[in-house]
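> got a predicted structure plus its sequence, pasted below:
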Amino acid sequence: MHFASTRIITADVARLADFYERVTGVRANRYTEDFAELVTDSATLAIGSTRTVPMFAPDSAEPAANRSVIIEFFVEDVDSAHRDLSGYVEEFVKEPTTMPWGNRALLFRDPDGNLVNLFTPVTPEAIERFAR
């Protein structure tokens, strides 16, 4: 099995694709007005419109209703990313903080309210864990 992507369902694909382009620095592949992907070396973030949900199973996904998933991105410098996103991100949930497992993390919400975590390993153990 190969993990392929995480998909966010939204009422506004263009807005969310623009947001994640700004956050990640990765240009979205916009295949239709209903579907876009941000492809990185390690994962793909797919963004689909509510119009795509019936193709899978009617009423199976609802935009802006998530309260249990955090979308995470490894960044070189979380403090720099925080400075770059200040004034752009509307809701920072947690300012950059060093977590007990050795990552310095920044938590905020995307325009649909989904949690996003940017993190940088900072302890020797965490740095070793992410060395690939």
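Looks like it came in fine. Numbering: from 1, shown residues only.
> can you give me the strands in this structure?
Here the chain has its strands, by DSSP state E, at 6-10, 29-32, 35-39, 44-49, 70-74, 91-98, 103-109, 115-121.
> as TSV, these with distance to residue 128, mean pLDDT and mean neighbour count would be great.
(C-beta placed from N, C-alpha, C; glycine too.) Formatted as TSV, the strands of the chain follow (distance: least, CB to CB, whole Å; pLDDT from 0 to 100; neighbours: other CB atoms under 10 Å):
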stretch	distance to residue 128	mean pLDDT	mean neighbour count
strand 6-10	26	96	19
strand 29-32	33	98	12
strand 35-39	27	98	19
strand 44-49	26	96	20
strand 70-74	14	96	16
strand 91-98	16	97	13
strand 103-109	12	97	20
strand 115-121	8	97	21
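> I'd like the ones you listed laid out as a markdown table, including distance to residue 80.
Shown next, in a markdown table, are the strands of the chain (distance: least, CB to CB, whole Å):
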| stretch | distance to residue 80 |
| --- | --- |
| strand 6-10 | 24 |
| strand 29-32 | 26 |
| strand 35-39 | 20 |
| strand 44-49 | 21 |
| strand 70-74 | 13 |
| strand 91-98 | 10 |
| strand 103-109 | 10 |
| strand 115-121 | 9 |
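> and of the ones you listed, who's closest to residue 61?
Nearest to residue 61 among those is strand 6-10 (4.3 Å), distances taken as CB to CB.
> which neighbouring elements make contact with that closest one?
In terms of contacts (3 or more CB pairs under 8 Å, 6 or more residues apart in numbering; DSSP states H and E), strand 6-10 is packed against strand 44-49.
> domain parsing of the protein, as residue ranges.
1-53, 68-132 (automatic domain parsing).
> please name whichever of these is nearest to residue 62.
Proximity to residue 62 (CB to CB) singles out domain 1-53 among the domains of the chain, at 7.2 Å.
> endpoints of that closest one, how far apart?
Using CA to CA, to the nearest Å, the end-to-end distance of domain 1-53 comes out at 24 Å.
> that domain: how far from the chain's middle?
Offset of domain 1-53 from its chain centre (CA atoms, centre = their mean, to the nearest Å): 9 Å.
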